[in-house]
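A.B. asks: Okay, here's the prediction I keep looking at, along with the sequence it came from:
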Amino acid sequence: MKILNKIIKWLSPGLEVPITPPSKTLQDLEIFDTVWIKDSSGNTLKGWIFDLTKKHVIVSAYDDTGNGYEYHFVLTRPLTQTQLKQNNITLFLEKPCELEK
């Protein structure tokens, strides 16, 4: 893809090619990364990775009233997923758009 961008830039120097950052995947997770949770009642909570092993991830989150929640997800293959859904709870690794909320 870099070669294609260089050719386009060389052929038309005034045309800018937009670069999109790569999406965060399960294999890119680290402790204290910011994630978003959509719980079973439809609320979207902002949280962070509290614990991370090869088999599971634990997320801590707070709602608007200050109540704390802890969610446990079992990591499943493939690790290139950008979201994980288990037990009617969805873990988003990037901020969800309005359609996903």
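C.D. replies: Everything's here; your move.

A.B. asks: Which residues does stretch 44-59 contact?
C.D. replies: By C-beta atoms under 8 Å, 6 or more residues apart in numbering, the surrounding residues in contact with stretch 44-59 are 29-39, 60-63, 69-75, 91, 96, 101. C-beta: built from backbone N, CA, C; applies to glycine.

A.B. asks: where do the helices sit along the protein?
C.D. replies: Secondary structure of the chain (DSSP state H): helices at 2-11.

A.B. asks: mind listing the strands for it?
C.D. replies: Using DSSP state E, the strands of the chain run over residues 34-38, 44-52, 56-62, 68-74, 83-86, 89-92.

A.B. asks: in the first one, what's buried?
C.D. replies: Buried positions in strand 34-38, judged by neighbour count with 16 or more other C-beta atoms under 10 Å: Val35, Trp36, Ile37, Lys38.

A.B. asks: from those, which is closest to Pro22?
C.D. replies: Closest approach to Pro22 among the buried residues of strand 34-38 (C-beta to C-beta): Val35, at 16.5 Å.

A.B. asks: what about this structure, any weak spots by pLDDT?
C.D. replies: 1, 13-17, 98-101 (pLDDT under 70).

A.B. asks: circling back to that earlier point, make JSON lines from the buried residues of strand 34-38 and add distance to Ile7 to it.
C.D. replies: Rendered in JSON lines, the data for these read as follows (distance: C-beta to C-beta, whole Å):
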{"residue": "Val35", "distance to Ile7": "38"}
{"residue": "Trp36", "distance to Ile7": "38"}
{"residue": "Ile37", "distance to Ile7": "43"}
{"residue": "Lys38", "distance to Ile7": "42"}
